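# Mind looking at a prediction? Sequence and model below.
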Amino acid sequence: MSRLLAPLTRAVTYTRWLHLLVGAIIALVCGSVYPGLTRPGYGDWALILLIPVPLLMAAAVIPVVRRAEGLQARLMLFPGAHARVEDGSAPGEAGVSVAPSVSWRDRGRTAVWLVLRLWAGCAIAFVTSQLMALALELVDATSGGPAKALSLIPVPGYGWAYAFLVPVPPLVLLGVVALAGRLMASAALGLLGPSAAERLAALEERTEQLLERNRIARELHDSIGHALTVAVVQAGAARAAADPAFTDRALGAIEETGRAAVEDLERVLLVLRESGQPASRRPTLTEADRLLDSARASGAEVDAKVLGALDTVPGPVSREGYRILQEALTNVLRHSGTVPIRVAVTVDDARLWLDVRNPLPVGAPVNGRGSGTGSGLRGIRERAALLGGRARTGPDEGQWRVHVELPLG
């Protein structure tokens, strides 16, 4: 019983009612001009329903009309802040487009919607007037006076027994309104819903947002993670060495790495804030010596070989290559400590190769890296895939190897 009466307590039921009644206004305006609303016959009612149709079809050609109808439908047909209730069965207002018409298919659907709203509004206006008039007739009959013929449903006689029937017409009316409102909401999703082009554009925009968020997450992970790893390793090595000279070098390396991380953080925050200020330049492979020196300052022995001209590598490839190398070195320091590291960077006319190797302690676990599920390794593979390349990470003859191939064109 409470489920049946639930629509009576929801504000959206009454906003849908109002939405339907507003749809009948143009018919009443046209009908008052011709054929007139004084004692209209059945033929006159047919004209009242048909005369506005050409006007609505002409209005549907205007692109902004679809936007106006979409906004009204979102506000009045679907549960929201005005409804004071969450309606899990309703698809929600996201299924109704508020974009202007961009194709004749959109204009055609808008025309069908306007005509449907006109006829549904007239039907609900008629039912509303008749049932409310019937309720007034029952009140008159209950009071003992002769019932006035206000509705098409006659009330025979009069008497106090009619008092029990007075609530029936309003309840029936609310039930009809609730059902009609739900049907109109469903029709709005079909006729005012986004077109295939709008859905594709929304999907592309959402994809771009997700890609940008993932890129920013990788940037922060690689830059800040590298800085923190270097700082931890340097601090631990300085404490163990108890050598003032080594401690000075370690502090210098921590300061340089931290300054670079702060610059990266400021650049990412500028992008997020969309302040309009130019973001600082992202580092490229031409600055790879900074990463190698940072690893050496942590106590690791780094053997680096560079074949080819790094300054000929395209900007996007060079920037992503820098981040891949940074993450590879960070993984070595984090998981294996200050072990010997072999780095090879090779550039030719078509590809860039990055190869980072370090020995694994005999009998020691791979610290979860053997499965290749770490976020850093996943970031390396994602960066390579975005550029059309590939990355392989894992144990290789007693060593941990990160091998990346990136196309230059």
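Thanks, I have it.
# quick one: low-confidence parts of the stretch 201-350 of the chain?
Low-confidence segments of the stretch 201-350 of the chain, defined by pLDDT under 70: 201-215, 218-219, 221-223, 226, 234, 237-242, 264, 266-281.
# at 90 what do you get?
201-284, 287-301, 311-320, 322-323, 326-339, 349-350 (pLDDT under 90).
# could you pull out the strands for it?
For the stretch 201-350 of the chain, the strands defined by DSSP state E, counting those that start in this stretch occupy 302-307, 341-347.
# Tell me which residues are up against stretch 340-356.
285, 288, 292, 295, 300-310, 312-313, 317, 321, 324-325, 328-329, 332, 357-359, 389, 401-409 (Cβ atoms under 8 Å, 6 or more residues apart in numbering). Yep, even glycine has a C-beta here, placed from its N, CA and C like the rest.
# Please work out which of the strands of the stretch 201-350 of the chain is packed deepest.
strand 341-347 (a mean of 19; mean count of other Cβ atoms under 10 Å).
# Now do the nearest residue to residue 160 once chain neighbours are set aside: how many residues are near it, please.
In space, residue 160 comes closest to residue 142 once its chain neighbours are excluded; the distance is 6.0 Å by Cβ to Cβ, 6 or more residues apart in numbering. By other Cβ atoms under 10 Å, the residues close to residue 142 number 19.
# in the chain, which spans are helices?
2-5, 11-23, 25-33, 42-50, 52-60, 63-77, 104-142, 168-191, 196-241, 244-273, 288-297, 315-335, 375-386 (DSSP state H).
# for those helices, which one ends up most surrounded?
Of those, helix 315-335 is the most buried (mean count of other Cβ under 10 Å), at a mean of 22.
# Distance to residue 342 added to the helices of the chain, as JSON lines?
JSON lines is the format used below for those (distance: least, Cβ to Cβ, whole Å):
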{"stretch": "helix 2-5", "distance to residue 342": "71"}
{"stretch": "helix 11-23", "distance to residue 342": "67"}
{"stretch": "helix 25-33", "distance to residue 342": "79"}
{"stretch": "helix 42-50", "distance to residue 342": "84"}
{"stretch": "helix 52-60", "distance to residue 342": "70"}
{"stretch": "helix 63-77", "distance to residue 342": "61"}
{"stretch": "helix 104-142", "distance to residue 342": "61"}
{"stretch": "helix 168-191", "distance to residue 342": "61"}
{"stretch": "helix 196-241", "distance to residue 342": "18"}
{"stretch": "helix 244-273", "distance to residue 342": "21"}
{"stretch": "helix 288-297", "distance to residue 342": "11"}
{"stretch": "helix 315-335", "distance to residue 342": "10"}
{"stretch": "helix 375-386", "distance to residue 342": "17"}
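# The residue nearest to residue 160 touches residue 158, doesn't it?
Yes: using Cβ atoms under 8 Å, residue 142 makes contact with residue 158 at a distance of 7.4 Å.
# hey, C-alpha coordinates of stretch 350-362 in CSV?
Backbone C-alpha positions of stretch 350-362 (Å, rounded to 0.1, in the frame of the first residue of the first chain) are rendered in CSV as follows:
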residue,chain,number,x,y,z
ALA,A,350,63.5,4.8,-36.7
ARG,A,351,63.6,3.7,-33.0
LEU,A,352,64.8,4.5,-29.5
TRP,A,353,65.9,1.6,-27.3
LEU,A,354,66.2,1.9,-23.5
ASP,A,355,67.8,-1.0,-21.6
VAL,A,356,68.3,-1.0,-17.8
ARG,A,357,69.8,-4.0,-16.0
ASN,A,358,70.7,-4.7,-12.4
PRO,A,359,71.7,-7.9,-10.6
LEU,A,360,69.3,-9.7,-8.3
PRO,A,361,70.6,-11.1,-5.0
VAL,A,362,71.0,-14.8,-5.1
